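Engineer: Got a predicted model here, sequence first, then my questions.
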Amino acid sequence: MGFSCGIVGLPNAGKSTVFNALTASSVPAERYPFCTIDPNVGVVPVPDHRLEVVRDKVGSPRSFPTVMEFVDIAGLVKGASKGEGLGNQFLSHIRGVDAIVQVIRCFRDPNVAHVSGTLIPPRDVDIINIELILADLDLVERQLARVEKAFKSGDKKRGPEVEVLKKAREMLLEEVPLREGEWGVEERRILVPYQLLTLKPMLYVANTDEDGLEGKTPYVAMVEEKAEKDGVPLVVLCGKLEAELVQLEPEEAQEFRESLGLEGSGLERLIKAGYALLDLITFFTANEKEARAWTIKKGTRAPQAAGKVHTDMKRGFIKAEVIAFEDLARVGSLVEARESGLIRIEGKDYVVQDGDLIYFKFHV
């Protein structure tokens, strides 16, 4: 499955409500902690108006968007790194994701208890972040002991790994997330297999109510200040409202948003923010059967992009015929683009650009 974001937060922060809205599925979102025991996975289409333009210009009868995976993970509580709540079960679920989406409660509701008794969003953010740091520290110290032992026993190739783990331990002892560190290419290569939580990119989601969307409560402003201080991107949405809107027809939902003065879907902003957080771009393929969007990391070369479509294409890559989306959009059809000389031939060193429509030539 491509790229995934794990949704975390304190119990009753609205994680499952946001997840339900994202996937329009029916994960339990009850009013008590730990109702989400096993991680729930939702595959969510990435909104992109360009796909329909590609389909129309090429004349494809149907289209398939690219997707992101969202994993709803049980509520994290203070002490989780030591086994409180669902503890290590939670942490094992989150280690496999590419990025972390932290849902922060910014709404008052007397019917939904706050796990700490009071609503102070910046404190809630810190509780989650400290638990992730403590979990990483525990893992790093255990691995460092193992690697140092091997190094002292004569395995001198472990020297760089010892130094990188020591550097990571020092940062974590200072309560600094590892993603804030300056890591060289080789250092990152050493760290990545450990799936350290604080090395993953993070996104904050302020889950507010309709008053919060209108700026009538102080909680969103608190999280905005916290996000800026932490250097973490922020999306503000009302999970409860978004969950209701996904049940409506698109036209009805749009009218309702406009009546509330909302520009577009909060869910779309969340999906796009997750996509940007992971430094992802989209390229397209299209033929007489279908138009399809594909997700790759920025900086990916043509043969590797071809491998996303089919492994044979990467293995037997010869060349790529490429047209930029902007060029395709301003002509009447792909045929016209071809006649106008807008399609380029690119080789194996070509770095795919966001929005490229590509035809891969390969031998089997």
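Structural biologist: In hand now; what should we look at?

Engineer: Would you mind giving the domain segments of this structure?
Structural biologist: Following automatic domain parsing, one finds the domains of the chain at 4-277, 299-362.

Engineer: how far does the longest one stretch from start to finish?
Structural biologist: Read it as domain 4-277. 11 Å (C-alpha to C-alpha, to the nearest Å).

Engineer: What strand or helix carries Phe284?
Structural biologist: Per DSSP states H and E, Phe284 falls inside strand 280-286.

Engineer: Please save the CA atoms from that strand in CSV.
Structural biologist: Only the C-alpha atoms of strand 280-286 are listed here, as CSV (Å, rounded to 0.1, in the frame of the first residue of the first chain):
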residue,chain,number,x,y,z
LEU,A,280,5.0,13.2,-2.1
ILE,A,281,4.0,14.1,-5.6
THR,A,282,1.6,12.7,-8.2
PHE,A,283,2.2,11.5,-11.7
PHE,A,284,-0.4,10.2,-14.1
THR,A,285,-0.8,7.4,-16.7
ALA,A,286,-3.7,7.2,-19.1
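
Engineer: That strand: what's the following helix or strand?
Structural biologist: Next in line after strand 280-286, if elements are assigned by DSSP H and E, sits strand 291-297.

Engineer: Go ahead and measure how far that next one is from the middle of the chain.
Structural biologist: Computed by C-alpha atoms, centre = their mean, to the nearest Å, the chain-centroid distance of strand 291-297 equals 15 Å.

Engineer: Tally up the residues packed near the closest residue to Pro47 other than its chain neighbours, please.
Structural biologist: Once flanking residues are discounted, Pro47 sits nearest to Glu268: 4.8 Å by C-beta to C-beta, 6 or more residues apart in numbering. For glycine as for every other residue, the C-beta is placed from the backbone atoms N, C-alpha and C. Glu268: 15 surrounding residues under other C-beta atoms under 10 Å.

Engineer: Now do Pro121 against Cys238, distance only.
Structural biologist: Per C-beta to C-beta, to the nearest Å, Pro121 is found 15 Å from Cys238.

Engineer: Report the buried residues of the helix or strand where the residue nearest to Pro47 lies.
Structural biologist: Assigned by DSSP H and E, Glu268 belongs to helix 266-277. Using 16 or more other C-beta atoms under 10 Å as the test for burial, helix 266-277 gives Gly266, Leu267, Arg269, Leu270, Ile271, Lys272, Ala273, Gly274, Tyr275, Leu277.

Engineer: Which of the helices or strands spans the closest residue to the third one other than its chain neighbours?
Structural biologist: With C-beta to C-beta, 6+ apart as the measure, Val235 is the residue that lies nearest to Arg269, at 5.2 Å, once sequence neighbours are left out. When secondary structure is defined using DSSP H and E, the element that contains Val235 is strand 234-237.

Engineer: Can you list the strands that that strand pairs with?
Structural biologist: Applying DSSP bridges, strand 234-237 is found paired with strand 202-208 (parallel).

Engineer: now the buried residues of helix 266-277 in a markdown table, with pLDDT and distance to Pro201?
Structural biologist: As requested, those are arranged in a markdown table below (pLDDT from 0 to 100; distance: C-beta to C-beta, whole Å):
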| residue | pLDDT | distance to Pro201 |
| --- | --- | --- |
| Gly266 | 86 | 20 |
| Leu267 | 84 | 19 |
| Arg269 | 88 | 17 |
| Leu270 | 89 | 14 |
| Ile271 | 88 | 15 |
| Lys272 | 88 | 14 |
| Ala273 | 91 | 11 |
| Gly274 | 89 | 9 |
| Tyr275 | 90 | 11 |
| Leu277 | 92 | 5 |
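
Engineer: all strands of the stretch 1-150 of the chain, in order?
Structural biologist: For the stretch 1-150 of the chain, applying DSSP state E, counting those that start in this stretch gives strands covering 4-8, 40-45, 63-64, 67-72, 99-106.

Engineer: Could you give the average pLDDT over the strand holding Phe284?
Structural biologist: Average pLDDT, strand 280-286: 96.

Engineer: and if you look at stretch 161-174?
Structural biologist: In the prediction, stretch 161-174 has an average pLDDT of 97.

Engineer: where in the stretch 101-250 of the chain is pLDDT low?
Structural biologist: 113-117 (pLDDT under 70).

Engineer: those helices in it, which residues are they?
Structural biologist: Ranges of helices in the stretch 101-250 of the chain, per DSSP state H, counting those that start in this stretch, are 121-152, 159-173, 185-191, 210-213, 219-230, 239-245, 250-259.

Engineer: Deepest-packed of those helices, please.
Structural biologist: Stretch with highest mean neighbour count among the helices of the stretch 101-250 of the chain: helix 239-245 (a mean of 21; mean count of other C-beta atoms under 10 Å).

Engineer: and that helix, how far out from the chain's middle?
Structural biologist: The answer for helix 239-245 is 20 Å, by C-alpha atoms, centre = their mean.

Engineer: cool, stretch 148-163 as well?
Structural biologist: Centre to centre, stretch against its chain (C-alpha atoms, centre = their mean), the figure for stretch 148-163 is 35 Å.

Engineer: Then stretch 135-144?
Structural biologist: Distance of stretch 135-144 from its chain centroid, counting by C-alpha atoms, centre = their mean, is 25 Å.

Engineer: No more questions from me, cheers.
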